[in-house]
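Student: With the sequence up front, the predicted model follows.
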Amino acid sequence: MAYSEPEKIQAREKVLTNAVRILTVDRASAPLTRRSYVREVREHLIANGLPKDRRNAEVLLIESVARWEQFFDSIVQTRVPAELKVAYLSGPNPENDLRVLCKAGVLPENIWAFESDASTYTTAVQSSLASEFPFIKLVEGGIDAFLSVSPQKFDIIYLDFCGPLPNRDKKQKTLLAVTRLLAGHALNSPGVLVTNAALPKANGDSTGHSLLSRLVAGYLYPKEFLEERGNAGGFIEGAQANGYDFEAWLLEVEKNLDDYYGQYLTRLLMDHASVIAPATRVTLGQGVFTRLFDTTDDARMKNAISRFFHFNEATLEEVDNEVNSSGAASCAGQDSPAVSFEDEFGGDVISEAGDYPLLWTLAALDAGLRKGDENYPNLGEDPDFRKFADVFISQLSVANSKDATIKNLSAVTYLLSEGTGSEMFHAPSLARLSNGHEIRDFYQFCDLVLFHQLKELLLRQWTVPYHVNVAETMRWKYQAKDTPMYMDLLVLDECRYVYDWMPTADMLLSGVHDPQRQLSFRFALDGVSKHGRWYNSEYFRGTAVIDQGTVPFEAKELAHRVKI
């Protein structure tokens, strides 16, 4: 197949030229927080804020703003097309993508192509040698396998899977490839990740279509907000807020899978880059993470997470006896537990599903986590779906392990939560920071500074997540012969101009008490959080300095998926 259909040609040109553009001529728009953002927030509050806002904003000196801007420049820098490095999946005709990239100004010497199928690789070699690009770096094997032994970094990675995400074909571990690229930080920051995934048609692969329907329904059901269907763009409240029980929601998704599959793909990629992949880098009880969390009492940790997932009808006396019998004292050096449990402590993932949508989905998909709890829907005991669900959960882990995915994401989400008893597991450094945290020590704007925000800052400072620039995300849909294809262009940003602006755990109190550091950090963080307002509830909630409806500081919305 020459991949020469008009729709495919148009899709290729749109995605690759836009990827080059956003990283070069429009690079100022690639970071989540633009260079001028801190200055703009300060000026807006002084000119338009309440008297208290004006007084607080005036504390931030122009000299401090300029210093942050200099720091920002050192991180984001500039690029021209000839400086970009690109990786993509070859297929039988690698010259097709190469021509578009070179026309956009990328040097052929900076382009790598990968092909894992042996026969297709042979065809690709012959096609390349017969083209104007005989010296392309063409590699036989998967891109994720290559990067596991060759730690190179790229500015653009284009994954044209031509299959679903995930793929139930054991040879096509599409989701695992994304997982390994994110975990290995194969993209420079800012960088562009492009994926192209197929939706099996009901009259062609009815089994694959049905399996994806259940997966998509289970993934989107706990989300607080979804995109409004159709071409208008914008968002609406999620399925639960609109009164759907899960069975009714499943019918809705099955009826409109062509729309919801596109939403699922984008949200999965956003969640993975910002939440799931960073969690897989956390090795609790080892290395630097012991400076934040004391999880040496494995039994107590498992018990706490179990309560986090499930409502518990134990009496207060029974729960207290269970905790006291573990023999664990508070990490702050007290002789008694650092938290007093209440009746039905836990069950947060059920009762506050919108706050923990990823954990809710894991529990709904996994029979072991669900444990017969009727509050999580049974997505089906059909053996095919059970295998498919396990494939999905497993491929979210670098180790391709379902247990690893569940353990890391559950533990990290719980430890970063507030009001759930997670303070039992604070290491001394974090306990001192928690004990010294006072809301009145922070300048008050739109939202209050709660302690979980500082915990998130410290952990994310080390795990280096990618954040997705919602305003610059572009998506297309087209038909490749009989197969619907969904193409996503996501700009990923490590946001080090936020995370590296503040000191580490033992020095953080000094940093937040310095008004110049505190205010510049919070003004910059406002820009980052505005991209996740409608899409990511797992991190940096309640960090707004300026109201989410105030232009140009508004909460960002995904543009609709364009049909080619």
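Tutor: Ah, there it is.

Student: any chance you could map the strands in the stretch 151-300 of the chain?
Tutor: Listed in chain order, the strands found in the stretch 151-300 of the chain under DSSP state E, counting those that start in this stretch are 154-160, 187-198, 225-227, 235-237.

Student: Which parts of the second one count as buried, going by neighbours?
Tutor: So that's strand 187-198. 187-198 (16 or more other C-beta atoms under 10 Å). C-beta coordinates here come from the backbone N, C-alpha and C atoms, glycine included.

Student: where exactly do the strands run in this protein?
Tutor: Along the chain, the segments classed as strands by DSSP state E run 86-89, 111-115, 137-140, 154-160, 187-198, 225-227, 235-237, 467-468, 474-480, 483-493, 562-563.

Student: CA atoms only for stretch 281-290 - export them in CSV, please.
Tutor: Written as CSV, here are the backbone C-alpha positions of stretch 281-290 (Å, rounded to 0.1, in the frame of the first residue of the first chain):
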residue,chain,number,x,y,z
ARG,A,281,8.5,6.5,37.8
VAL,A,282,7.8,6.6,41.5
THR,A,283,9.5,3.8,43.5
LEU,A,284,8.0,4.0,46.9
GLY,A,285,10.3,3.1,49.8
GLN,A,286,13.4,3.6,47.6
GLY,A,287,15.8,6.4,46.8
VAL,A,288,14.7,10.0,46.9
PHE,A,289,11.1,9.2,47.4
THR,A,290,11.8,8.1,51.0
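
Student: how many neighbours does the closest residue in space to P200 that isn't next to it in sequence have?
Tutor: Counting by C-beta to C-beta, 6 or more residues apart in numbering, G208 is the residue found nearest to P200 once chain neighbours are left out, at 3.7 Å. G208 has 21 neighbouring residues, counting by other C-beta atoms under 10 Å.

Student: Repeat that for K481.
Tutor: Using other C-beta under 10 Å, K481 has 9 other residues around it.

Student: Now do the same contact list for it.
Tutor: E5 (C-beta atoms under 8 Å, 6 or more residues apart in numbering).

Student: any idea of the pLDDT on it?
Tutor: What the model reports for K481 is a pLDDT of 83.

Student: pretty sure L519 is touching N56, no?
Tutor: Yes - using C-beta atoms under 8 Å, L519 makes contact with N56 at a distance of 7.5 Å.

Student: Give me the common contacts of those two.
Tutor: In contact with both L519 and N56: Y443, using C-beta under 8 Å, 6+ apart.

Student: The two: who's more crowded?
Tutor: Shown here are L519 and N56; by other C-beta under 10 Å, L519 has more neighbours (27 against 21).

Student: coming back round to it: among the strands of the chain, which is nearest L269?
Tutor: strand 483-493 (5.8 Å; C-beta to C-beta).

Student: So what are the sheet partners of the closest one and their directions?
Tutor: Sheet pairing of strand 483-493 (DSSP bridges) gives strand 187-198 (antiparallel), strand 467-468 (antiparallel), strand 474-480 (antiparallel).

Student: now the ones you listed as TSV including distance to D403?
Tutor: Putting the strands paired with strand 483-493 into TSV (distance: least, C-beta to C-beta, whole Å) gives the following:
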stretch	distance to D403
strand 187-198	26
strand 467-468	27
strand 474-480	33
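
Student: Relative to K302, tell me which of those strands wins on proximity.
Tutor: Among the strands paired with strand 483-493, strand 467-468 sits nearest to K302 (C-beta to C-beta), with 30.8 Å.

Student: How far off centre is the closest one?
Tutor: Strand 467-468 has its C-alpha centroid displaced from the chain centroid by 6 Å (C-alpha atoms, centre = their mean, to the nearest Å).

Student: now do stretch 71-89
Tutor: 21 Å.

Student: what comes up buried for that stretch?
Tutor: By 16+ other C-beta under 10 Å, the buried positions in stretch 71-89 come out as 71-72, 75-76, 79, 81, 84-89.

Student: same thing with stretch 8-17?
Tutor: In stretch 8-17, counting by 16+ other C-beta under 10 Å, buried: 8, 11-12, 14-16.

Student: Show me which pair in these is furthest apart.
Tutor: K8 and L16 (12.2 Å).

Student: Wait, R533 touches E554, no?
Tutor: No - between R533 and E554 there is no contact under C-beta under 8 Å: 9.0 Å.

Student: so what's in contact with these two at the same time?
Tutor: In contact with both R533 and E554: Q548, using C-beta under 8 Å, 6+ apart.

Student: the more surrounded of these two?
Tutor: R533 (21 against 14).

Student: Please list all residues in contact with the closest residue in space to the more buried one that isn't next to it in sequence.
Tutor: Leaving out its chain neighbours, the residue that sits closest to R533 by C-beta to C-beta, 6+ apart is A555, at 3.7 Å. By C-beta under 8 Å, 6+ apart, the contact set of A555 is 530-531, 533-534, 548-549.

Student: from the buried residues of stretch 8-17, which single one is nearest L525?
Tutor: Distance to L525 across the buried residues of stretch 8-17 (C-beta to C-beta) is lowest for V15, with 30.4 Å.

Student: That closest one contacts D160, doesn't it?
Tutor: No - using C-beta under 8 Å, V15 is not in contact with D160; the gap is 9.3 Å.

Student: Give the residues shared as contacts by those two.
Tutor: V194.

Student: coming back round to it: could you export the contacts of A555 as a markdown table, including pLDDT and distance to L416?
Tutor: Formatted as a markdown table, those follow (pLDDT from 0 to 100; distance: C-beta to C-beta, whole Å):
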| residue | pLDDT | distance to L416 |
| --- | --- | --- |
| K530 | 95 | 20 |
| H531 | 96 | 19 |
| R533 | 92 | 18 |
| W534 | 91 | 20 |
| Q548 | 93 | 22 |
| G549 | 93 | 28 |
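
Student: So what's the residue count around the residue nearest to S64 when sequence neighbours are not counted?
Tutor: Distances taken as C-beta to C-beta, 6+ apart put Q516 closest to S64, at 4.1 Å, once the chain neighbours are dropped. When neighbours are counted by other C-beta under 10 Å, Q516 registers 16.

Student: now the one 4 residues further on
Tutor: Residues near S520, counting by other C-beta under 10 Å, number 26.
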